[in-house]
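> Give me a 3D structure for the following:
(chains A and B)
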Amino acid sequence: MRAFFRQRPTAFQPRSIAFRLIVAVMAVELASAILAVGLSFGYERHTHFHSFDVLLHGHVDSILGAVQDADDPEKNVMLVQADLHLPHDDIYEVYDSNGRVLGRSANWQGIPLNMLAPSQGPYMQLTVNGRPYRVLRFQGSRIIDVAEPGGGKLRQFTILYGAPTNHVWRAIRGAVEFYAAGSLLMLLVTGPLIAWLLHRGLLPLRQLAALAALVSVDSWQFSPPASAHSTPELAPLTQAIENVLQRLERSFLQQRVFVSDAAHELKTAVAVIKSSLQLLNMKRRTPAEYEAGLERCLSDSLRLEQIVAKMLTLAREENATTGSGPQPSSDLAECLESAVAQLETFASLRGVKVEVATAVSGVSLVPLIAEDCLLLVSNLLLNALQHSPAETLVEIHLAQKAGTAELRIRDHGDGIDPDALPYVFDRFYRGDPARARSTGGTGLGLAICKAIAERAGGSVTIASQADPDSPDRGTTVTVRLPLAAKVANSLPSA
Amino acid sequence: MRVLLVEDEVRLADNLSAALRDGPGFAVDWAEDGLMGDDCACNRCYDLIILDLMLPKLDGLSVLKRLRGRQDATPVLILTAKDGADSIIQLLNAGADDYLAKPFDLGELIARAKALIRRGKGASHPTLTVGGLEINTLEQTVRRDGSLVDLSPTEYHILEYLMHRPRVIVSKRELLEHLYDYNWEHHSNVIEAHVSNLRKKLDGALPEPDPVIETMRGRGYRLAPEPQPEPDLEQSQ
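Next up is the predicted model:
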């Protein structure tokens, strides 16, 4: 067991649970051992002294038998010591009611009278010849000449009988020592046994830890044994580890997909520029061809610029933490107005009409900085315009209900395929890549909108009807943003 | 040679098509998504397929697997923006012949495309020789018994295609399919006119012409009829 301690010192560091459990168990064991020894001492002392006292009484009885009629005129009693066969270590003394000593053992000078207070009990402790004695005082009486008329004469006397208690104490000590040694032995045996049992008992925990340690970025496999789920102590831990790992894996995968997608986008954009330049350089060309080629290269690099800018925006929106400064606020209605104004030319170029219906008078303050608010609205409006065929309408509706501002943008375009609908907020997702690219889409617009809205504690949802025969064909994007608290109340006055 | 380009990035596809047409003079068909690419590949008229990996509707790997599942042996060059040996190993094991990582060099792409086409037709060197006829596919030059013959691009492409398949009857339809892209008007008499010019140019230079291209009426054309044992020996010396 010592070797075991040396092998695994970490398991028994002061703060380890196993160590604390072992110390606690050993302390309880020690306490109960002490209690058992104490109790056994009490019990042994009681039984030994009980039999010792019985013995004393027996000896007193034999002395009582040796007290006899002295046959003198005063009708005294006397002690016939010749018949007494008592242990030679014992002491005794017999005296009558007048204090006259009738006889005493040879090895004793008698007891000083002042010690014989009548209030004392029948037993007393004495030290004779340097040894402890237990002495019994017995009041005896004898009737002399019972046969005489008028009854005999009552003689009272006192017997003091003592025996050394050394051997009793020795016996008690022996018994107690036996119990104490037994307990100590038990303690020594059970201590390591408990340590070993604990070590074994904690094995599933260590196995779980070893399994959890195997998890890495490249291998998310965590398969705890079935017992880990059924053990009440391990189940919550196992569950927690599994949940954490699942969440981590999901976010890790998301990040990895994003990085891979971003790399793909950037590399593709660079490939476009590079191939445009190399194509131009493949052979001698006319100045007009060079001009057109350079024009294309410029627009290609513009697209790369856009992708980079949008990626940075998305990264900013997704990683932004709500600062401790004053809550930002901006007017959604005002942002809507400027977004519409910004995109007016684009809309008329595409032959799309924009119709704004505002159900609120005055301002709708939302917890966003004006720049983000405008970005959100203009992104959504641009998206709607890009998916609107000519001669159609984009309807915008702004309303307030129960502390929430609701902005609905509806187009009458081709709609989004129901299969694609759940993914439209994914980064780099494009419903129709060829078309999205031709209109300058990067697949990041909706992801940015979502990030902005969610940072403000709101949401963006999308509903679409892609059935060509349906009169409701088109897409509706709904943004819900909480109204900035401090001004929400003062709205009616505005 | 006819190439199928499956690439969803419009500008990149434009550039690649232009480069492949301008440089080696391939006929190029463009498919903008995986499903369309798969549909086009079903025609089996391509000498090379250039396949992007990240495609809408059906990704490049699935297109490749479908292609090889049909026992189609057309060489496939993969364009990928993904890093990592794993995906490259996976691609090559799925039947890809070569890959290029974006952003790639246009010259390298063209060279690899040519090499893959050549390999796909069983030739290992850019210079092809059949009988007394020798063409250099890099310079796009033709020599008959050592003397240079000047050909138009279309005539050259017809000859190059026939040179890859000596003594095999090649139909007009096959020539059309491999020399013109999808948007071209399919007129077989265009081929007839070109072959006629080609024959004149190849045989006209010689005092005693031995017709190099045979016309099999109603069936097509055949390059280098039964070789004479003596010239063959001379050739090998």
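> drop to CA atoms for contacts and neighbour counts, all remaining ones
Noted.
> Return the residues in contact with residue 97.
In the absence of a named chain, chain A is used. A:Ser97 makes contacts with A:155-158, as judged by Cα atoms under 8 Å, 6 or more residues apart in numbering or on different chains.
> wait, I meant chain B there
Contacts for B:Asp97 (Cα under 8 Å, 6+ apart) come out as B:75-78, B:116.
> Dihedrals phi and psi, it?
Backbone geometry at B:Asp97, expressed as degrees, to the nearest 10, gives phi -100, psi -30.
> out of the contacts of B:Asp97, which are inside helices?
Within those, residues falling in helices by DSSP state H are B:Leu116.
> Which one of the contacts of B:Asp97 sits in the busiest neighbourhood?
Highest neighbour count within the contacts of B:Asp97: B:Val76, with 26 neighbours (other Cα atoms under 10 Å in any protein chain shown).
> Could you list every helix and strand in contact with the top helix by length along chain B?
In terms of residue count, the longest helix belonging to chain B (DSSP H) is helix B:188-204. Secondary-structure packing of helix B:188-204 (3 or more Cα pairs under 8 Å, 6 or more residues apart in numbering or on different chains; DSSP states H and E): helix B:153-164, helix B:172-179.
> what angle sits between it and helix B:153-164?
Angle between the axes of helix B:188-204 and helix B:153-164 is 80 degrees (criterion: axes from the mean of the first three to the mean of the last three Cα atoms, to 10 degrees).
> Only alpha carbons, please: show helix B:188-204 as PDB.
In PDB, the C-alpha atoms belonging to helix B:188-204 read as follows (Å, rounded to 0.1, in the frame of the first residue of the first chain):
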ATOM      1  CA  SER B 188     -22.200  19.000 -91.100                       C
ATOM      2  CA  ASN B 189     -21.400  20.600 -94.400                       C
ATOM      3  CA  VAL B 190     -19.100  23.000 -92.400                       C
ATOM      4  CA  ILE B 191     -17.000  20.000 -91.600                       C
ATOM      5  CA  GLU B 192     -17.000  18.800 -95.100                       C
ATOM      6  CA  ALA B 193     -15.700  22.100 -96.400                       C
ATOM      7  CA  HIS B 194     -13.000  22.200 -93.700                       C
ATOM      8  CA  VAL B 195     -11.900  18.600 -94.400                       C
ATOM      9  CA  SER B 196     -11.700  19.200 -98.100                       C
ATOM     10  CA  ASN B 197      -9.500  22.300 -97.500                       C
ATOM     11  CA  LEU B 198      -7.400  20.300 -95.000                       C
ATOM     12  CA  ARG B 199      -6.900  17.500 -97.500                       C
ATOM     13  CA  LYS B 200      -5.800  19.900-100.200                       C
ATOM     14  CA  LYS B 201      -3.300  21.600 -98.000                       C
ATOM     15  CA  LEU B 202      -1.800  18.300 -96.700                       C
ATOM     16  CA  ASP B 203      -1.500  16.600-100.100                       C
ATOM     17  CA  GLY B 204      -1.000  19.600-102.300                       C
END
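> what mean pLDDT would you report for that helix?
With pLDDT averaged residue by residue, helix B:188-204 scores 81.
> likewise stretch B:99-108?
Mean predicted lDDT for stretch B:99-108 stands at 89.
> and if you look at stretch B:169-180?
Along stretch B:169-180, the predicted confidence averages to a pLDDT of 82.
> Any idea how far it is from the middle of the chain?
Here stretch B:169-180 is found 11 Å from its chain centre; the criterion is Cα atoms, centre = their mean, to the nearest Å.
> Buried residues, it. List them.
Along stretch B:169-180, these residues count as buried under the neighbour rule (16 or more other Cα atoms under 10 Å in any protein chain shown): B:169-172, B:175-180.
> which among the contacts of B:Asp97 gets closest to chain A?
Chain A lies nearest to B:Ile78 out of these, by Cα to the nearest Cα, at 13.7 Å.
> now the helices for chain B?
The residue ranges that make up the helices of chain B, judged by DSSP H, are B:10-22, B:34-41, B:60-69, B:85-93, B:106-120, B:153-164, B:172-179, B:188-204, B:229-236.
> Can you give me the neighbour number for whichever residue of chain A sits closest to chain B?
Nearest residue of chain A to chain B: A:Ala271, at 4.0 Å (Cα to the nearest Cα). Neighbour count of A:Ala271, defined by other Cα under 10 Å: 23.
> How about it, nearest residue that isn't a chain neighbour?
Counting by Cα to Cα, 6 or more residues apart in numbering or on different chains, A:Ala271 lies nearest to B:Pro103, which is 4.0 Å off, once chain neighbours are set aside.
> And A:Ala456, by the same measure?
That would be A:Pro367: by Cα to Cα, 6+ apart, it lies 5.8 Å from A:Ala456.
> want to throw the helices and strands packed on helix B:188-204 into TSV with distance to chain A?
Listed next are the helices and strands packed on helix B:188-204 as TSV, based on distance: least, Cα to the nearest Cα, whole Å:
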stretch	distance to chain A
helix B:153-164	16
helix B:172-179	22
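> The residue nearest to A:Ala456 against A:Arg480, yeah?
No. Contact status for A:Pro367 versus A:Arg480: not in contact, 11.7 Å apart, counting by Cα atoms under 8 Å.
> lowest-confidence helix or strand of chain B?
For chain B, counting by mean pLDDT, DSSP states H and E, helix B:229-236 ranks last in confidence among helices and strands (a mean of 45).
> which ones are touching B:Lys102?
If a contact means Cα under 8 Å, 6+ apart, then B:Lys102 has A:267-268, A:270-271, B:79-81 as its contacts.
> Just the closest of those to A:Leu312, please.
Distance to A:Leu312 across the contacts of B:Lys102 (Cα to Cα) is lowest for A:Lys267, with 16.3 Å.
> What values do phi and psi take at the closest one?
Per-residue torsions, A:Lys267: phi -60, psi -40 (degrees, to the nearest 10).
> and the residue of chain B nearest chain A?
Closest point on chain B to chain A, by Cα to the nearest Cα, is B:Pro103, at 4.0 Å.
> surely that residue meets A:Leu266?
No. Under the criterion of Cα under 8 Å, B:Pro103 lies out of contact with A:Leu266, with a separation of 9.2 Å.
> quick one: strands adjacent to the strand ranked longest in chain A?
As assigned by DSSP state E, the longest strand anywhere in chain A is strand A:131-144. Strand A:131-144 has the following strand partners under DSSP bridges: strand A:123-128 (antiparallel), strand A:153-164 (antiparallel).
> can you list the ones you listed in JSON lines and add distance to A:Pro328 and mean pLDDT?
Formatted as JSON lines, the entries for the strands paired with strand A:131-144 read as follows, by distance: least, Cα to Cα, whole Å; pLDDT from 0 to 100:
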{"stretch": "strand A:123-128", "distance to A:Pro328": "94", "mean pLDDT": "83"}
{"stretch": "strand A:153-164", "distance to A:Pro328": "98", "mean pLDDT": "86"}
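> most tightly surrounded among the ones you listed?
A comparison of the strands paired with strand A:131-144 by mean neighbour count, using mean count of other Cα atoms under 10 Å in any protein chain shown, puts strand A:153-164 on top with a mean of 20.
> Skipping its backbone neighbours, what lies nearest residue 79 in space?
Using chain A. Taking Cα to Cα, 6+ apart as the measure, A:Leu79 lies nearest to A:Val67, with 4.4 Å between them; neighbours along the chain are not counted.
> oops, chain B please
Beyond its immediate neighbours in the sequence, the residue positioned closest to B:Leu79 (Cα to Cα, 6+ apart) is B:Asp52, lying 4.6 Å away.
> Surely the one you found and B:Ile78 touch.
Yes. In this structure, B:Asp52 is within contact of B:Ile78 by Cα under 8 Å, at 5.8 Å.
> about what we covered before: for the helices of chain B, give me CSV that also has distance to A:Ala213.
Shown next, in CSV, are the helices of chain B (distance: least, Cα to Cα, whole Å):
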stretch, distance to A:Ala213
helix B:10-22, 46
helix B:34-41, 42
helix B:60-69, 35
helix B:85-93, 25
helix B:106-120, 46
helix B:153-164, 60
helix B:172-179, 59
helix B:188-204, 70
helix B:229-236, 69
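> closest one to A:Gln207 among those?
Evaluated over the helices of chain B, closeness to A:Gln207 peaks at helix B:85-93, with 32.0 Å, by Cα to Cα.
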